[in-house]
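Enquirer: fold the stuff below for me.
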Amino acid sequence: MNSRIAVVPGSFDPPTLGHLDVIRRAARLYDTLHVLVVHNPGKEAMLPIAQRLSLLEQSIADSDIDGEVVVASWSMGLLVDYVTDVGAGVLVKGIRSQVDVAYETPMAIVNRHLADVETVFLLPDPAHALVSSSLVRQVASLGGDVSPFVPAAVARFLDTGARGI
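Expert: Take a look at the predicted model:
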C-alpha cells in the first residue's frame, strides 16, 4: 500500500462546498486522490449515484483543485476493499463536530484492523462547518436557495427542477 494514494469516501448527496474543501485540501496532501461515492443503505438518497458522480466531476473541474483526482463509485463490499484495490493506504474524512468524531472513530479502528488502512480526519473550514448534505436536501426540497452551500454545478442542477428526484 502507498500512503501517497488516499480515498475520500462519502455519499455526496448532493456534493457541498464543505466536501469540495476537504477534497481540495486532501489533494494537496496526496499524489492521487480517489473521491468515492458510496451507497449508504441507511440513508434514502435524493440523487442517483450516476448523478452524484457527474456533479462531483463537474464541481471538481470547475474548482481550483490541483492534483490527480479520480471520481468513482462503490456499492458492493467493504470500503477497505476498494482502498486496497487502488493501492491506497489512507481514508480521508471531513469531520464537523463531536457527533462526526463519535461516528467515524469506531469505523476508523475497524478499517485499520481489517486492512491496515489509516484514517485521517480533516476539520472543516469554519465557513462550511455547519453545512451537511442532509441540510442542503431539506432546504432544496422546500424550494430554498442552496447556492451558498453547494458548488455552482450543483446549484444549477437543483435549480432546474431536479429537486423532485
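Enquirer: rest of the way, CA atoms for contacts and neighbours
Expert: Noted.
Enquirer: longest strand anywhere in the chain?
Expert: strand 2-10 (DSSP state E).
Enquirer: contact partners of that one?
Expert: 23, 29-38, 83, 87-93 (C-alpha atoms under 8 Å, 6 or more residues apart in numbering).
Enquirer: filter the residues you listed down to the buried ones.
Expert: 23, 30, 32-38, 83, 87-93 (16 or more other C-alpha atoms under 10 Å).
Enquirer: in strands, which of those residues appear?
Expert: Those of those lying in strands (DSSP E): 32-38, 88-93.
Enquirer: need the helix or strand of this structure with the lowest average pLDDT.
Expert: Taking mean pLDDT, DSSP states H and E as the measure, the chain has strand 2-10 as its least confident helix or strand, at a mean of 87.
Enquirer: thought residue 158 was touching residue 142?
Expert: No: if you go by C-alpha atoms under 8 Å, residue 158 and residue 142 don't touch, sitting 11.6 Å apart.
Enquirer: neighbour-wise, which of these two wins?
Expert: When residue 158 and residue 142 are compared for neighbours, residue 158 comes out ahead with 22 against 10, by other C-alpha atoms under 10 Å.
Enquirer: chain neighbours aside, what residue packs nearest to the more buried one?
Expert: Among residues not flanking residue 158 along the chain, residue 140 sits closest, at 7.2 Å (C-alpha to C-alpha, 6 or more residues apart in numbering).
Enquirer: where's that neighbour, which helix or strand?
Expert: helix 133-141 (DSSP states H and E).
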